[in-house]
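A.B. asks: would you be able to build a 3D model of this:
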Amino acid sequence: MTNSHAQDPVLVRWILTGMALTALVLFIVLPLAVVFVQALEKGWQAYRDTVVQPETVSAIELSLLAVGISVPLNLLFGLAAAWAITKFQFQGKNVLTALIDIPFGVSPVISGLVWVLVFGAQGWFGPWLVEHDISIIFAVPGIILATTFVTFPFVARELIALMESQGTEEEEAALSLGASGWQMFFRVTLPNIKWGLLYGVVLCTARALGEFGAVSVVSGHIRGQTNTLPLHVEILYNEYNYAGAFAVASLLSVLTVITLALKKALEGKTSEQRG
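C.D. replies: This next block holds a predicted model:
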């Protein structure tokens with residue numbers, strides 16, 4: 001079969017390739033390079049001093065805590081939702097599928113305001129929470145709730161597409177041979193979706209690490225207590241501590257590059273499972 005791309009004029013191919021590379025450099029490579037150049041502008045010692053500051057360490061720990069709780073929660077929900085949607089027929093299935101996509105369509109800032117309306121001091125449950133000395137808004141639980149909401153669809157959406165493409169034949173065969181539900185899940189379903197599951201977790205983790213809007217609304221910006229890495233970058237930048245802001249931003253950039261590398265490595269595995 002003749003490769004249709006080989007029929008394109010050489011000039012057209014060079015122009016399109018050049019445009020793609022230019023866009024890549026301008027919008028991805030250059031910004032990343034600027035982050036690291038600015039981060040090291042005052043030298044390695046100043047960079048190190050910013051990174052080891054108690055407020056930066058606290059922001060790192062809080063970001064990792066939010067990821068460590070929200071991602072497993074979304075993993076469990078994603079598995080349950082994908083299993084129900086792809087393996088069973090039930091009333092409300094389309095509604096459930098639509099609800100999963102809500103965080104994609106709602107601004108993160110709006111989602112943060114919703115949590116304030118529900119759990120804030122003047123919110124629906126605010127008086128009861130105050131009476132029992134329970135803090136959710138402007139505290140760690142609010143940050144975890146906001147992060148969980150904005151990362152809600154990633155694992156579920158990846159697994160639903162993957163499991164729908166695979167069908168139910170293997171599970172039905174396992175059941176016909178006497179396998180229990182758990183045996184079918186761990187020996188048939190889980191091995192078939194493991195790469196897609198990891199891919200969804202990587203996407204969820206990347207989104208959780210970089211979340212700003214919803215977390216900004218519910219955090220209260222309490223330094224050393226409720227600031228995640230993105231919020232800490234904003235505070236340093238607003239204080240005209242540009243080198244410090246870019247130093248902290250470089251940490252996020254490194255995590256982003258690692259996440260993208262994992263994402264790329266898993267894409268091929270996920271495509272094989274869908275095939």
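A.B. asks: what about the helices in the stretch 51-200 of the chain?
C.D. replies: According to DSSP state H, counting those that start in this stretch, the stretch 51-200 of the chain carries its helices in the segments 54-87, 93-100, 102-105, 108-119, 126-131, 140-150, 153-166, 169-176, 181-184, 190-210.
A.B. asks: gap between Ser219 and Ile143?
C.D. replies: Per C-beta to C-beta, to the nearest Å, Ser219 is found 6 Å from Ile143. Backbone N, C-alpha and C define where each C-beta goes, glycine included.
A.B. asks: same question for Leu24.
C.D. replies: Separation of Leu24 from Ile143 (C-beta to C-beta): 34 Å.
A.B. asks: these two: which has the busier surroundings?
C.D. replies: Under the neighbour definition other C-beta atoms under 10 Å, Leu24 and Ile143 were set side by side, and Ile143 has more, 31 against 11.
A.B. asks: what's the pLDDT at the more buried one?
C.D. replies: With respect to pLDDT, Ile143 has a value of 95.
A.B. asks: try Val35
C.D. replies: Per-residue confidence (pLDDT) for Val35: 89.
A.B. asks: in contact with it, which residues are there?
C.D. replies: Phe246, Ala249, Ser250, Ser253 (C-beta atoms under 8 Å, 6 or more residues apart in numbering).
A.B. asks: pull the most distant pair out of those residues.
C.D. replies: The largest distance within the contacts of Val35, taken as C-beta to C-beta, falls between Phe246 and Ser253 and amounts to 9.3 Å.
A.B. asks: need the residues touching each of these two.
C.D. replies: Val35, Phe36.
A.B. asks: list just the nearest of the contacts of Val35 to Ile160.
C.D. replies: Nearest member of the contacts of Val35 to Ile160, counting by C-beta to C-beta, is Ser253, at 30.9 Å.
A.B. asks: could you check how far the nearest residue to the closest one once chain neighbours are set aside is from Thr168?
C.D. replies: Ranked by C-beta to C-beta, 6 or more residues apart in numbering and with sequence neighbours excluded, the top spatial neighbour of Ser253 is Val35, at 5.3 Å. Distance, Val35 to Thr168, by C-beta to C-beta: 47 Å.
A.B. asks: circling back: okay, Phe246 and Ser253: which has more neighbours?
C.D. replies: Neighbour comparison, Phe246 and Ser253: the larger count goes to Phe246, with 24 against 17 (by other C-beta under 10 Å).
A.B. asks: I figured that one hits Lys42, correct?
C.D. replies: No. Taking contacts as C-beta atoms under 8 Å, Phe246 lies outside contact range of Lys42: 10.0 Å.
A.B. asks: can you tell me the element Ala247 falls in?
C.D. replies: helix 242-274 (DSSP states H and E).
A.B. asks: and that helix, how far from the chain's centre?
C.D. replies: Centroid separation between helix 242-274 and its chain, computed with C-alpha atoms, centre = their mean, to the nearest Å, is 11 Å.
A.B. asks: now do that helix against helix 153-166, angle only.
C.D. replies: 20 degrees (axes from the mean of the first three to the mean of the last three C-alpha atoms, to 10 degrees).
A.B. asks: list the buried ones in helix 242-274?
C.D. replies: 243-253, 255, 259, 262-263, 266, 270, 273 (16 or more other C-beta atoms under 10 Å).
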